[in-house]
Every structure is written in structure tokens, then in C-alpha cells.
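S.K.: I would like to see how this sequence folds:
(one chain, ligands or ions: 1)
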Amino acid sequence: MEEAVRVQDVLTGSLDGKEVLVRGWLQNKRSSGGIVFLFIRDGSGVVQSTVRKGEVDSKVFDLFLSTRIESSVQVEGEVKPDPRAPGGREIVVHSGKVDSAALEEFPIAKQFQGPDFLLDKRHLFVRSDKMRAVLKVRAVVLSAARSWLDSHDYLEVQVPTLTSAAVEGGATLFEVKYFDGKAYLTQSWQLYAEALIASVGKIYTIAPSFRAEKSRTRRHLTEYWHLEAEAPYVGLDGIMEVEEQLLSHVVEDLLERASSQLALFERRPEDLEKVKPPFPRITYDDAFKMIGGEKSGIKWGDDLGYEQEKILTTHFDRPFFVTRYPKKAKAFYHKPDPLNPEVTLSVDLLAPEGYGEITGGGQRIEDYGALVARIKEEGLDPESYAWYLDLRKFGSVPHSGFGMGLERVVSWVCRLEHIRDAIAFPRLINRVYP
Ligand code: NSS
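M.R.: Numbering: from 1, shown residues only. You can find the predicted model right below:
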């Protein structure tokens, strides 16, 4: 196959005056008089290509005049600057062909179509400008995060998806048949991470986590991408520093590498330029007061829900930490605060503008007896955590970690209304198709 150039390179101007081959999908088409304007998308961008009657073979002209959008096509022609063309350049087509003509009208139209219809057609909707931008933002977030973690001596490791016990409480476990027994889809890598730090030190992973979330909310998926890190000899303050540095680096990289995608979502760079360490820090107690105590709909000790977090976020114009959640609001492994054992050395990072929680983590219980006691207190069976308890028998050290929901971060930076649009093929309570 002949080498095609990338549309992105055409749009930089470096190919002006040159004869090029471009191939891709016909995103849009317009014709007027003897001209057909083709808008060809190749994954790197969209370029206007102009086919003029009389300047190309008449069969080619008729073909492009009649072919439907989302056919795959290729054109050869000269790159010319043209201020009227989107991106400031067009290809003056000399020849071309339709590789695979769309067999039907493309079902996704420019006019309003309901969310359920678009979700049913997600396999085609992923071709939209919006989804393409989201995919790019996701990729930049992950690549920036990897680069920060790698350069700070965190080793990327992998742990099982099929597990035998709950990390975050049993309510959101997906059970799967495992031969004659049962297993669960992982909610978090955490228990395995705590085993691996004694082998390789600071670590991270990027993997799907599963939550059988029964609630339909704008911020819950049943399968989401989870970036998690764990570090030995790090306490609550230390892990907050890791989180704020990591997120600041990610945002800085997004501003540099995904500015046009952010602009598509009308995310102003000024908003993100504020994302610099140190982030504001408040305690759960402060937060409880700020939301008006019990008037907010929760009692002291309850976890902050979406509604409470939304109120809190009105007080901040950048991400902020909420620390020291009550024991009752958090999973069994969180270390009680030695100064006030009713609360834990836990921390959530909340994004502004109503988005709320994007990370959860904190310092873990390192003492064997204290961990057994907490497991029992939560009504869990220490037997199910036998290997995890072993970790406290052999060289236990203070350690901390956190998990960041990729789609939560993407929803916030892209100002999305619903988390389902932060992932190509969302898994929701009522949806595993397509
Ligand atoms: O339940 S978390 O708050 N914490 C953990 O799973 C810890 N075991 C992580 C750790 O310390 N290694 O989940 C962490 C983050 C949370 O802040 C959200 O950003 C995201 O995972 N999360 C979700 N994203 C999308 N959909 C759902 N259902 C979801 N649940 C959590």
C-alpha cells in the first residue's frame, strides 16, 4: 500500500505545495455547483479536500458526489493554504477513490439524538469529535502519570483481576463462577500491592477495577480504569504530596499536549493552571462544618456523598484534600489516627466545580493485632484475609497508597456531564452493550 501522509502533518503547513496521498473516513461532505468538499478524518485530524468537476476524472467526481459519509476513501492532491478551510489548509484533489462505500446512511446525525440511542450506537459514536478528544485526553493522562511515576522510582506491576476477597466492602463485589467455586472481580489492587511493596518498594498499576454499583449516578461506572500507587515508609502527608505532584504533572502535560481537545470542551487553560502543589487540605470535621452539619443530609461519621461533596467544591477553585474520615465511613484497612482513633489517616482528593472525589487512599494499618481487630469489627472473616494478615507478621512497615479513577479525572478536566462519556465503551448498571 502506498504511504499516506498524516492529516496532522498536512495541517502544520510543512507539506504546502506538495502532492500527497491522504486516506481515512469521510466525516462530512458538502457540494455546491461543480465542487464537492470532502472532510477526511484519519485519526490524527480532519482535512478539507476539494474535488472540482473538470479537474478530476468525471467518474471520480460522480463517485464522491454520491458516496455517503463514513465511507472509507483516499485522495491524492496538492496541499494549499486556504484560510476558509478548517485548519487553514485544503487538499486540491487530482484523483481519488472510495475504498469501502458506506452501505447505509450513517445513523448518527448532526441534530439531537437521545443518550440511549447514542449509547446503543457507541461503536459508531466513538468516531465523533467529542469521543476522539476524550480518547486523546485519557491517553495523555495515563502517559503523563506513567512518566511521573517512572521518574520517581515507582515500578509498574500487575496483579490479578480475579480475586477471593473484598477490598472495599462486599456491597459492590461482582461474583463470577470459578469452576466449581466462586471468585470476584477486583475492586482494587490494594491487598496485592501491600504484598509487593516488600519485594520491590514503590509501585503502581493501571488496570480496570469493577464495582457492582447499583446506583445510577453521573460518576459511577461498573468497570473503570484505576491508577493505584503504594509506597513503603510513607505516611498520610507523604502520600498526599505524591498525589498532588502527580496530578499537577498530569494537568501540566494536558495543557501542553491536549490543548485543542481541552478547548473543544471549553475548558479554559486558566482553570487548570491553578493546579499546582500544595493543594488545600481540610479534615472531615472541617468539611462536615462547611456543609452545614446534619442539615446536609448526613450524620457525623457517614461518608460524604455526591451531594455533600458538591457543596464542598463550591469553596475551592482547584483540587483539594479531605483527610481523616471517621472509621465508619472507610474500609477496614485504614489506620486509625493515633491522636483520635475515631478517625482514620485516610484522604480523598476532590476536584472542583461539583466533580468531587477523584482519588481515595491513605495510610494502612501495619500492626497485626490492630488489623485483626478491625476486620472483626467490620463483621468480616479474618480467614478470608489470612494471606493479607501474614504481611503484618513478616516485617510490617508503615505504608500508604491511593487509587485514582481515570474517568473521574477525565470527566473533570473535560467538563463532562456524565462519567459514561469519559470512556469509549461504558459499563453501567443497565449496559454491557456494545
Ligand atoms: O474505593 S476507592 O475510594 N479506594 C480504593 O479502591 C482504594 N483501595 C485505592 C487504594 O488506596 N489503592 O476508589 C478509588 C478511586 C475513587 O476515588 C474514584 O476516583 C474511583 O476509584 N472510583 C470509581 N470510578 C468510577 N466508577 C466507580 N464506580 C468508582 N468507584 C471508585
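S.K.: contact partners of the helix or strand hosting G369?
M.R.: Element membership for G369 (DSSP states H and E) is helix 368-377. The contact list for helix 368-377, computed with CB atoms under 8 Å, 6 or more residues apart in numbering, reads 332-333, 336, 365, 381-382, 385, 389, 392-393, 396. (C-beta placed from N, C-alpha, C; glycine too.)
S.K.: Repeat the analysis, applying 10 Å as the threshold.
M.R.: By CB atoms under 10 Å, 6 or more residues apart in numbering, the list of residues contacting helix 368-377 from outside reads 327, 331-336, 341, 344, 364-365, 367, 380-385, 388-393, 396.
S.K.: Show me what from the stretch 151-300 of the chain comes close to the ligand.
M.R.: 167-168, 187-188, 190, 211, 213, 220-221, 224, 226, 228 (CB under 6 Å from any ligand atom).
S.K.: Is P208 located within a helix, as I assumed?
M.R.: No: counting by DSSP: H, G, I helix; E, B strand; the rest coil, P208 is not found in a helix; it is strand.
S.K.: Closest residue of the stretch 251-400 of the chain to the ligand?
M.R.: Proximity of the stretch 251-400 of the chain to the ligand (CB to the nearest ligand atom) peaks at G360, 2.4 Å away.
S.K.: before we move on, the earlier item: now the contacts of helix 368-377: which count as buried?
M.R.: For the contacts of helix 368-377, a neighbour count by 16 or more other CB atoms under 10 Å gives the buried set as 327, 331-336, 344, 364-365, 380, 385, 388, 391-392, 396.
S.K.: bridging residues for G362?
M.R.: S346, G401 (DSSP bridges).
S.K.: Most distant residue from the centre of the chain?
M.R.: Using CA atoms, centre = their mean, the residue of the chain lying farthest from its centre is G54. It sits 48.7 Å away.
S.K.: That one: what's it in contact with?
M.R.: 34, 61.
S.K.: Also near the ligand: which of the contacts of helix 368-377, exactly?
M.R.: Within these, nothing lies near the ligand by CB under 6 Å from any ligand atom.
S.K.: hang on, V51 packs against L63?
M.R.: Yes: counting by CB atoms under 10 Å, V51 does reach L63; the two are 9.3 Å apart.
S.K.: So which of these two has more stuff around it?
M.R.: V51 (26 against 19; other CB atoms under 10 Å).
S.K.: so that one is in which element?
M.R.: With DSSP H and E as the criterion, V51 is inside strand 46-52.
S.K.: Mind listing what's buried along that strand?
M.R.: 46-51.
S.K.: try stretch 62-70
M.R.: Applying 16+ other CB under 10 Å to stretch 62-70 flags 63-64, 67, 70 as buried.
S.K.: about what we covered before: mind listing which of the contacts of helix 368-377 are in strands?
M.R.: 336, 341, 344 (DSSP state E).
S.K.: So the second one versus F402, what's the distance?
M.R.: Relative to F402, P341 is positioned 22 Å away (CB to CB, to the nearest Å).
S.K.: what about the helices in the stretch 101-250 of the chain?
M.R.: Taking DSSP state H, counting those that start in this stretch as the criterion, the stretch 101-250 of the chain carries its helices at 115-120, 122-125, 129-151, 190-200, 236-257.
S.K.: Next, format those helices as JSON lines and append mean pLDDT.
M.R.: Shown next, in JSON lines, are the helices of the stretch 101-250 of the chain (pLDDT from 0 to 100):
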{"stretch": "helix 115-120", "mean pLDDT": "96"}
{"stretch": "helix 122-125", "mean pLDDT": "98"}
{"stretch": "helix 129-151", "mean pLDDT": "98"}
{"stretch": "helix 190-200", "mean pLDDT": "98"}
{"stretch": "helix 236-257", "mean pLDDT": "98"}
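S.K.: Next, format those as a markdown table and append distance to E417 and mean neighbour count.
M.R.: Below are those laid out as a markdown table (distance: least, CB to CB, whole Å; neighbours: other CB atoms under 10 Å):
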| stretch | distance to E417 | mean neighbour count |
| --- | --- | --- |
| helix 115-120 | 10 | 14 |
| helix 122-125 | 15 | 16 |
| helix 129-151 | 12 | 17 |
| helix 190-200 | 30 | 18 |
| helix 236-257 | 19 | 19 |
